[in-house]
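> Predicted model and sequence below, questions to follow.
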Amino acid sequence: MRKSVFFKFALIIIPIVLIFEMAEVYFSYRTIYNETLETSKKTVVNIAKEAADEFMYYNPNDSKDRENCSKEFDDLCKTHGVTYIFAIEPDLDTRDEKYIAIGFGENASERAKKTRYPGVIVKGTLSDDEIKVYNGVKQHAVIHEVNEFDDTLICYYPVSNYYDYSNDSFVTFDKPMLIGAEISLKTISKNTAQKLSRTGAIQILFSSLTLALVFFVLYFRISGPVRKISTRMKNFVSDRDKEFEKLPVKGRDELAEMSNSFNIMAEEIDNYIESIDNYTKEKHRNEAELDIARTIQNGLIKPPQYCDDAVSINAYMQAAKNVGGDLYEYQILKDGRVYFVIADVSGKGIIASLFMSRAITLLHQYALMEYSPAKMLYTFNNTLAEQNPKGLFITAFAAIYDPGAGTLTYSNAGHNRPYIISDNELIMLDGAAGVAAGVFSDNEYTQETVKLKPDDVIFLYTDGVNEAESNSGEMFGTDRLENELKKHIGKISDNICDDVLESVKEFTEGAVQNDDITVLALRVKPKAESKKVTFDADTKNLVLLKDMIMNEQGIPEETKALLRLIAEEIFVNICYYAYDNGEGDITVELKVNSDGATIIFTDTGKPFDPTVDVVKIEEYDHENSIGGLGRFLAFEMADESSYAYEDNKNKLTITKYFNSNQNYGGAL
């Protein structure tokens, strides 16, 4: 059944409106919830302080005073809508908490009323924040705690003395007390829902009225006239032999102009319809052929970037026409060796692209068969020469890098000679030269082997680089190419391809690209030394983690200091938050090479990605915010960071490069 424009528009706009409404409700909820949460934090701090002021007028050593204080706390709970207010006597040695007085609000748990009463001792529940308040490190502490009774927000406030009515003076406790005021997050959510329901109802009503008005205008002012135009145009197309009936032109709006334009078009279209049909058929046929060739070519070319522990590869290919005859290919063989090749087919367009597709398939097959570069080019040449009716030829450079031996074995079939960019010189690989492939069979190809050092780069290119022309007709040339490559001597870089292409772009200054441009750079990566240690998830092991980093000889001293700060922050976060029962382990792996150092943290705790929702320093509330700043500093000091959850394990990878000039804004 045919669907009108109005119906299609409705199918589009209604989901959009619904999504917008849901997003608006969600963000409204988050805004109201956060506002309510911040208000609750301030409220619970004020209540805790008020309760502390009241507690000072009760003698905690007197049972009658403890009972009266509990009643006072009951009244405060009901007045302010909090769940619990309590006074505890902490024991720092055992982390036990002894309840001196406690008051219950309306939402208090029945179990809490039975198990939390003056005199009861709760084992091992004293938190680090309570200890800081007890020792005077913090004036007060607001923490989020999930306990056996509820999901709550608690403020702890210290009390150091009480008023002795018999002596009309304040008496200092032997040990300070802590006052806690606790509010249930369910209460916060309930208050948020009440506020949201009022706001949401208004939003939905307004959106519904707006949507209804839009549909009314569209249906009567646009959809109706458009249907008339559509019907008349359909009749014109289907009844070409009949004289068409002109559309009435009413008014001066866009629809009237559309009707008038259709009338003019219909009067003239018969004069051109035959030539247009012929031209369209030819054009579509050519475009279809180009699309097929382009699809084949793009499907065979490898991704432009690859990196593993042995090599990093960067490549770039840009055809002069819609499709071209250049190619590059690389393959990691099953024994770890790296095969790579670059080639240039004579000619351009569809035929060259199809010839290239056949060539890259053959080269890939011979690489998997573990042919040597010379045997690969020999077999490749014979196969192409057997069936080459158009007489095309192809230049190719094929090589295999062996990471274990550190050697590069190569052979050349008439291609531009590649370069090795080493630590102190630029070396042209001008050996093992042979003729182009595809024309004559049984051409012999030789191969040579050279030794490579860590951070050496092999740079390959096609003649679209050195033969690139400026607007005046001058060629880029190999001298300019070598000068650009020499800039990278003694440097560790994966940006050589980008720099060469940028230099070519500046030279040509927008001139028409007459040939395909392809470049490939393979950098030999230094072998990374690895050290792996598994620790118990306990902050006491920070000293062992520090020694592991500071004793590593391959890391500069200034980088060691930064790595230690990063590692300590990540380690502490895992200790505190990964395991609910506090028991687990953390595996730390340290990898070092000439580029830099990488630390990998692995734990089996609950899934958590620390790289998301990292606090922004400009938005950080130093007075009221709780935590979050440590992660910001850790990731700010790191050069790279990534997280993955695999095999039920959290895996966080942090990298620091030795040549990084990152500015930390005084964070250290």
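Happy to help now that I have it. Numbering: from 1, shown residues only.

> Doesn't residue 66 belong to a helix?
Yes - counting by DSSP: H, G, I helix; E, B strand; the rest coil, one finds residue 66 located in a helix.

> Leaving out sequence neighbours, find the closest residue to it.
The shortest distance from residue 66 to any non-neighbouring residue, by Cβ to Cβ, 6 or more residues apart in numbering, is to residue 118 (4.7 Å). Any C-beta I mention is one placed from the backbone N, CA and C, and that applies to glycine too.

> Let's see stretch 395-414 as CSV, backbone CA atoms only.
Taking C-alpha atoms only, stretch 395-414 is exported to CSV below (Å, rounded to 0.1, in the frame of the first residue of the first chain):
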residue,chain,number,x,y,z
THR,A,395,56.5,-3.0,-10.8
ALA,A,396,56.7,-4.5,-7.3
PHE,A,397,58.9,-4.6,-4.3
ALA,A,398,58.4,-7.6,-1.9
ALA,A,399,60.1,-8.1,1.4
ILE,A,400,59.9,-10.3,4.5
TYR,A,401,61.0,-9.0,7.9
ASP,A,402,62.0,-11.6,10.5
PRO,A,403,61.7,-10.1,14.1
GLY,A,404,63.5,-13.0,15.6
ALA,A,405,66.7,-12.6,13.5
GLY,A,406,66.2,-8.8,13.0
THR,A,407,66.7,-9.3,9.2
LEU,A,408,65.0,-7.9,6.1
THR,A,409,65.0,-10.1,2.9
TYR,A,410,63.8,-8.3,-0.2
SER,A,411,63.5,-8.5,-4.0
ASN,A,412,62.7,-5.9,-6.5
ALA,A,413,60.8,-6.1,-9.8
GLY,A,414,61.5,-2.8,-11.4
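
> pLDDT averaged over that stretch - what is it?
For stretch 395-414, mean pLDDT rounds to 95.

> Can you point out the buried residues in it?
395-403, 408-414 (16 or more other Cβ atoms under 10 Å).

> tell me which element residue 118 is part of?
Here residue 118, judged by DSSP states H and E, is contained in no helix and no strand.

> ok now do it, which residues does it touch?
63, 66, 67, 70, 99, 100, 101, 102 (Cβ atoms under 8 Å, 6 or more residues apart in numbering).

> From residue 477, how far off is it?
Going from residue 118 to residue 477 by Cβ to Cβ, to the nearest Å gives 92 Å.

> before we move on, the earlier item: top of the contacts of residue 118 by number of neighbours, please.
The residue in the contacts of residue 118 with the most neighbours, by other Cβ atoms under 10 Å, is residue 101 (28 neighbours).

> Which residues are in contact with that one?
55, 58, 60, 66, 67, 69, 70, 73, 86, 87, 118.

> Tell me, how many residues neighbour the residue nearest to it when sequence neighbours are not counted?
Spatial nearest neighbour of residue 101, excluding adjacent residues (Cβ to Cβ, 6+ apart): residue 69 at 4.0 Å. Neighbourhood size, residue 69 [other Cβ under 10 Å]: 27.

> what about residue 69, which helix or strand?
helix 63-80.

> Would you mind pulling up the elements that that helix packs against?
Other helices and strands packing on helix 63-80, by 3 or more Cβ pairs under 8 Å, 6 or more residues apart in numbering; DSSP states H and E, are helix 5-55, strand 84-91, strand 96-104.

> Dump those to JSON lines, plus mean pLDDT and distance to residue 460.
Shown next, in JSON lines, are the helices and strands packed on helix 63-80 (pLDDT from 0 to 100; distance: least, Cβ to Cβ, whole Å):
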{"stretch": "helix 5-55", "mean pLDDT": "76", "distance to residue 460": "49"}
{"stretch": "strand 84-91", "mean pLDDT": "92", "distance to residue 460": "70"}
{"stretch": "strand 96-104", "mean pLDDT": "92", "distance to residue 460": "71"}
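
> I'd like those as CSV, with distance to residue 611 appended.
Below are those laid out as CSV (distance: least, Cβ to Cβ, whole Å):
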stretch, distance to residue 611
helix 5-55, 21
strand 84-91, 36
strand 96-104, 36
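
> ok, back up a step: which residues are contacting the helix holding residue 69?
So helix 63-80 is in contact with 43, 47, 50-51, 54-55, 58-60, 82-87, 100-106, 108, 118, going by Cβ under 8 Å, 6+ apart.

> buried set for it?
By neighbour count on 16+ other Cβ under 10 Å, the buried set for helix 63-80 is 65, 66, 69, 70, 72, 73, 74, 76, 77, 80.

> swap in stretch 304-316?
306, 310, 311, 312, 313, 314, 315, 316.

> ok, so of the residues you listed, who is nearest residue 633?
Residue 633 lies nearest to residue 312 out of the buried residues of stretch 304-316, by Cβ to Cβ, at 29.4 Å.
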